[in-house]
Each structure stands twice: as C-alpha cells, then as structure tokens.
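[1] structure for this input, please:
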Amino acid sequence: MGDLHFFLGIDVKQIADDFYLSQECYAIDILERAGMSNCHPVSTPIDCKGKLPTDGDAIDDAKSYSSLAGALQYLTVTRPDIAFAVQQACLHMHDPRAPHLTLLKRILRYVGDTTSLGLHLHASNDLTVTAYSDADWAGCPDTRRSTSGVLRVPR
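    Down below sits the predicted model:
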C-alpha cells in the first residue's frame, strides 16, 4: 500500500524514523467556514487572566456554534495546545452565550496564526509514558479546588 501520507484529515510526514502529524488543511477549512480566514492573530487560545463568564446574552445561531466547537474538538487530535480552550468552549454547546462565542472566536484567531503547528512523534527505546497537567489554582468555582498533576507509568 505504500507509505502513509494522509488519513482522516491528518497529514502525515515521515522524516527518517520520525512522524509529523498536522491538520493544516483542516484548520484552514474551519477558518473559512467561520469567515475568519483573515482575522487578527492572538498569542494564546484563551484569556489567561480571567475565568470564562457563564452568563450573557444567548447567541442567535447555536447550531453554528456547536458545529465550529465540534470541528475544533477534532483539531485537538494534533493540536494539544488548544485542548483546554476548546474543552471550555464545548462545555457550553447546549446553551452558548456571548462570552462563549467570544472564546470560540479567540481560539479561531489563535488557530489562524498557528495553522502549521502539529504533533511530532519520534522513535524511542524508552517506553515510559509521562503526562503533565497544568495547574489551575483554585480553578473550580464551586469547590475552589486546584487541578494539577504528573503521571509517569514505567514499562
């Protein structure tokens, strides 16, 4: 069958024993669908200073919001840098409000400036899996608990 180049919307480039996975074409398609191909870029996918408000005016087109949020959710396959922001946007797909749409547009503005980013996979003899979780000091508005952690699973 030959080498893998494209699978389920993911572009696969092989360089020696390494793989580079990207969804650049898919990201560009999402931006075009949202009418944000020429938007002004931002340096982060989410506002780092404040919490996302849960109230505000209801948006007119909730179906379009859900469609774009779902498309961004698939983009996180190769873009872990947007995973938290997209998860926050997806929490409100059942009843999106103006602040949620603002978040969605911010994520799109970030994606518009970083379409070429992807996931680099390289061969290694070390089979230890290490996962990191960024701390969110007292981030839960209900319990005021923090979220953080490191997980290492040796082979």
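
[2] residues contacting the spatially most central residue of the chain?
    Nearest residue to the geometric centre of the chain (Cα atoms, centre = their mean): Ile82, 2.7 Å. Applying Cβ atoms under 8 Å, 6 or more residues apart in numbering to Ile82 gives the contacts Pro45, Leu72, Leu75, Thr76, Ile107, Tyr110, Val111. The C-beta positions use only the backbone N, C-alpha and C, and glycine is treated the same way.

[3] so how far is Leu127 from the fourth one?
    So the one you mean is Thr76. 25 Å (Cβ to Cβ, to the nearest Å).

[4] and the closest residue to Met93 other than its chain neighbours, what element?
    With sequence-adjacent residues excluded and distances taken as Cβ to Cβ, 6 or more residues apart in numbering, Met93 is closest to Ser66, at 4.6 Å. Per DSSP states H and E: Ser66 is located in helix 62-75.

[5] can you name the next helix or strand after that helix?
    Downstream of helix 62-75 (by DSSP H and E), the next one is helix 83-90.

[6] show me what counts as buried in that next one.
    Judged by neighbour count (16 or more other Cβ atoms under 10 Å), helix 83-90 contains these buried residues: Ala85, Val86, Gln88, Ala89, Cys90.

[7] what is the nearest of these to His122?
    Nearest to His122 out of these is Val86 (Cβ to Cβ; 25.4 Å).

[8] nearest residue to that closest one other than its sequence neighbours?
    In space, not counting the residues next to it along the chain, Val86 is nearest to Leu72; the distance is 4.6 Å by Cβ to Cβ, 6+ apart.

[9] against Gly9, how distant is the one you found?
    13 Å.

[10] higher neighbour count, these two?
    Of the pair Leu72 and Gly9, Leu72 is the one with more neighbours under other Cβ atoms under 10 Å, namely 25 against 14.
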